[in-house]
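S.K.: when you get a sec, could you give me coordinates for this:
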Amino acid sequence: MEASKALLDTLMMTTEEAILVIDPDRRIVKASKAFEATTGLRLPARNDSVPERLEHVDGFAALSSLVGEVCASGECRRGALADHPNRWEYHIEPVRENGKVACCVSILRAPAADLSADTAEPPGLSSRALIYDRIGQAVNQAQRAGKAVLVMLVSIDRFREISDVLGEATSAQLMQDITTRLRMCARTSDAVARLEGDRFAFVMQLASSGDSVLLPEKILAAFDRTFELSTGRDVAVSCSVGASIFPDDAAAADALIKNASIALHHAETSGANRYQFFSNEMNARARRRLEIESGIRRALANGELRVYYQPKINVSTRQVAGLEALVRWQDPLRGLVSPLDFIPIAEESGLIEQIGHWVLEETCAQARRWQAAGLPPVRASVNVSARQFRNSNFVPLVEDVLAHTGLDPEWLELEITESMLMGDIGAIANRMQDLRRTGVSLSIDDFGTGYSSLSYLSRFPITTLKIDRAFIADVQHNPQTAEIARAIIGMSHGLNLEVVAEGAEVKEQVDFLHTHGCHLIQGYYYSRPLPADDFALLLRNGLVEHSPPPA
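M.R.: Here you go, the predicted model:
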């Protein structure tokens, strides 16, 4: 018992936290040495036989009441003292002995460490400017003391989607609760800032860089519990964390922030709900990504993008029955760049909408030129990105492109990936109905690889299913994938949907598909994607033979 008391006394003398230990009668049993230094409040002179009541300390009547509630309920409480001029943040935890609450431990966090956007700031300085200033101060102090500085950026995963579902008022309350929980993860000596939107910054001094992993883990753990909203609804939220360290990664504030941002991006794109520390390899990837993004912008401005057309062949007639438009980048220095190298970056940066608009217009215009030249008309399929599909202006844009190019909507098909059908089913169905009313067809690409319910096949106005190449690659060898392909073909016929198999490369795959009723084939067995002039030759020749692989 004496050892426990000695340990508690040592803790209260050495901790940097402002801690009060309060008994069920709401009397202050112990206060940490840091309490007065942190809060600026002086506790009345202590009398160990009659401890001071908490409500007698100026400004803490509300905290006293909260302690009473915790003692009565036995449940912890977190929040901010809204009636206190400094809005101290509190965390009150009950301590039980023999099944009863023996005392409460109250941790107070001083808002001096809070640099969030809703906090009063010096004129002309934003939260970002203040956090840069704090990093500079922390680095200077760390250099003198031989310590390390941890800089972290925290992003709330999918907050925009959550906000769209909850509405403005409820999402604002949720963000306030998130902000409070994040601040509770920091020590009183740390700086915490809400930078913009759903992004936060932390700056903290460490004894050494080896201690850096503790706070990211603490932040992720803080999101293990759901958030209870005023509506009575519980919401599960996760976050991603990117971190950089002085002196290991950089010495200047802007470089530390940049490196933490690179690490955060890596954490977000690796599946979210995780933390990532900066590395030189990551920096090289970030530079490569920035180069490609700049190159895409240049390609859009300088007309370096090209559309290649891969035919869909009717196996029974060996005629071209349709095509898929595929974008390529003709870089002046690197030559033809694969879409695998630039489309993911275009999607992350938002440039995919500009690319998608250009591909749609170019494909429609080219299809109309072929028709005007007397070539047989075939339906052109154009891929639609998730960003395009969610844009409220997408349907009018399709209508404008059709009107501008003069292409009859009968000859346009929009390909939507199965994963895009996850979300608000009603809103997705309405968007697809609006597109169908323009007269265009709708195809589900990569069918069988997503997580959507099969019920959407009857709810959404789709016209075509494309069997993903993963189920075609080894149908001649793998009984399981062969059975899946057969099931998709049979289901498509039963629902009166056209079915297309993509990725067919060898005769055995084509024979299997044809035997089981899939008559439209898209793949290297017949043709690779072709430039417009070469594709026109296919249309003019009429029949398509097997295309031998290149030497």
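
S.K.: which parts of the helix ranked longest in the chain count as buried, going by neighbours?
M.R.: When every helix of the chain is counted residue by residue (DSSP state H), the longest turns out to be helix 280-302. Buried positions in helix 280-302, judged by neighbour count with 16 or more other Cβ atoms under 10 Å: 282-283, 286, 289, 292-293, 295-296, 299-300. The C-beta positions use only the backbone N, C-alpha and C, and glycine is treated the same way.

S.K.: report the buried residues of the biggest strand by length in the chain.
M.R.: Within the chain, and with DSSP state E defining each element, the longest strand by residue count is strand 319-331. Using 16+ other Cβ under 10 Å as the burial criterion, the residues of strand 319-331 that qualify are 319-329, 331.

S.K.: next secondary structure element downstream of it?
M.R.: Going down the chain from strand 319-331, the next helix or strand is strand 335-337, by DSSP states H and E.

S.K.: tell me which strands that next one pairs with, and in which orientation.
M.R.: strand 319-331 (antiparallel) (DSSP bridges).

S.K.: centre of the chain to the strand it pairs with, how far?
M.R.: On the basis of Cα atoms, centre = their mean, to the nearest Å, the separation between the geometric centre of strand 319-331 and that of its chain is 30 Å.

S.K.: and what of stretch 237-255?
M.R.: Between the mean C-alpha position of stretch 237-255 and that of its chain there is a distance of 19 Å (Cα atoms, centre = their mean).

S.K.: may I have the distance across it, first residue to last?
M.R.: Between the start and the finish of stretch 237-255 there is a gap of 29 Å, counting by Cα to Cα, to the nearest Å.

S.K.: start at 28, not 1
M.R.: Let's use 28 as the start, then, which means that last one is stretch 264-282.

S.K.: how about that stretch: buried residues?
M.R.: Neighbour-count burial for stretch 264-282 flags 264, 266-273, 276-277, 280, 282 (criterion: 16+ other Cβ under 10 Å).

S.K.: with stretch 80-92 instead?
M.R.: When burial is assessed from 16+ other Cβ under 10 Å, stretch 80-92 yields the following buried residues: 80-82, 84, 87, 89-91.

S.K.: do stretch 432-443 as well
M.R.: 432, 434, 436, 438-443.

S.K.: dump those residues into a markdown table; add distance to residue 40, pLDDT and secondary structure as well.
M.R.: Putting the buried residues of stretch 432-443 into a markdown table (distance: Cβ to Cβ, whole Å; pLDDT from 0 to 100; DSSP: H, G, I helix; E, B strand; the rest coil) gives the following:
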| residue | distance to residue 40 | pLDDT | secondary structure |
| --- | --- | --- | --- |
| 432 | 78 | 96 | helix |
| 434 | 80 | 96 | coil |
| 436 | 78 | 96 | helix |
| 438 | 81 | 97 | helix |
| 439 | 75 | 97 | strand |
| 440 | 74 | 97 | strand |
| 441 | 69 | 97 | strand |
| 442 | 68 | 94 | strand |
| 443 | 64 | 90 | strand |
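
S.K.: let's have these in JSON lines, adding distance to residue 364.
M.R.: As requested, the buried residues of stretch 432-443 are exported to JSON lines (distance: Cβ to Cβ, whole Å):
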{"residue": "432", "distance to residue 364": "26"}
{"residue": "434", "distance to residue 364": "28"}
{"residue": "436", "distance to residue 364": "31"}
{"residue": "438", "distance to residue 364": "29"}
{"residue": "439", "distance to residue 364": "26"}
{"residue": "440", "distance to residue 364": "26"}
{"residue": "441", "distance to residue 364": "24"}
{"residue": "442", "distance to residue 364": "21"}
{"residue": "443", "distance to residue 364": "25"}
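
S.K.: ok, so of these, who is nearest residue 414?
M.R.: Distances from the buried residues of stretch 432-443 to residue 414 were compared by Cβ to Cβ; the smallest belongs to residue 443, at 12.4 Å.

S.K.: for that closest one, which residues are in contact?
M.R.: 411, 416, 459, 469-472 (Cβ atoms under 8 Å, 6 or more residues apart in numbering).

S.K.: in helices only, show me the residues you listed.
M.R.: The helices in this structure, assigned by DSSP H, contain 416, 459 from these.

S.K.: which two from the contacts of residue 443 end up farthest apart in space?
M.R.: Checking these against each other with Cβ to Cβ, the farthest-apart pair comes out as 459 and 472, at 13.9 Å.
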